[in-house]
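# Following is a predicted model, sequence given first.
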Amino acid sequence: MIHICPLSRLEETVTRTGARHVLSVINIATPVALPAEFPRENHLFVGFNDIVAPQDGLVHPSAEHVEAILGFARRWDRAAPLVVHCYAGISRSTASAYIAACALAPHRDEAELALALRAASPIATPNALLVSLADAALGRGGRMSAAIAAIGRGAEAMENEPFEIRLD
């Protein structure tokens, strides 16, 4: 199970779910607080801005970020849930969770996973650049990007509620 949440709900989500792995996809130097007993070796911080094209002074998603996300997801033993968060729980985290699901459940259709993401969160708006880079890295032939485009932009919100997606 992959749980997605905003930064403001991270500690609560980790505690409630019993997660033992956390993926932080958030701006560089943003403080991320985890419960004191959380195993630090099971936390990956990937820092970039929530943008879909290069902009001066900001860090856009890159192939290196995708490789880090994929490597972390593949090392997750699935014995306990994975929590993925960004600042608002809307774009970077939803894209990263979708990427992890596509990588870890290669038998599942990209559109099916995107629809499951939308059903779980009407607010989710996965970062299109991050998804596109992962689509190429996973050899999905544009199907991941097309599936995310098909679900469209989520409802407007300042912050998402925690939600989950299943790999099976």
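Yep, that arrived. Just so it is clear, the model here is predicted, and its values are computed rather than measured.
# For the nearest residue to R143 once chain neighbours are set aside, which residues are in contact?
Nearest non-adjacent residue to R143, counting by Cβ to Cβ, 6 or more residues apart in numbering: E110, 4.2 Å away. Bear in mind the C-beta positions are built from the backbone N, C-alpha and C, glycine included. Counting by Cβ atoms under 8 Å, 6 or more residues apart in numbering, E110 touches 102, 140, 143-144, 146-147.
# Tell me which of these fall in strands.
Among these, no member falls in strands (DSSP state E).
# my guess is N42 contacts L23, does it?
No. Taking contacts as Cβ atoms under 8 Å, N42 lies outside contact range of L23: 9.6 Å.
# Of those two, which one has the most company?
For N42 and L23, the more surrounded residue by other Cβ atoms under 10 Å is L23, and the numbers stand at 27 against 18.
# For R40, see how far away the residue nearest to R143 is.
Going from E110 to R40 by Cβ to Cβ, to the nearest Å gives 33 Å.
# Kindly report the same for A157.
A157 sits at a distance of 31 Å from R40 (criterion: Cβ to Cβ).
# Out of those two, name the residue with the larger neighbour count.
Higher neighbour count among A157 and R40: A157, with 16 against 7, using other Cβ under 10 Å.
# Unless I misread the structure, that one falls within a helix.
No. Secondary structure assignment (DSSP: H, G, I helix; E, B strand; the rest coil) places A157 in coil, not in a helix.
# quick one, strands of this protein?
Counting by DSSP E, the strands of the chain are 2-6, 21-26, 43-47, 82-86, 163-165.
# So for the third one, what gets flagged as buried?
With burial defined by 16 or more other Cβ atoms under 10 Å, the residues of strand 43-47 counted as buried are 43-44, 46.
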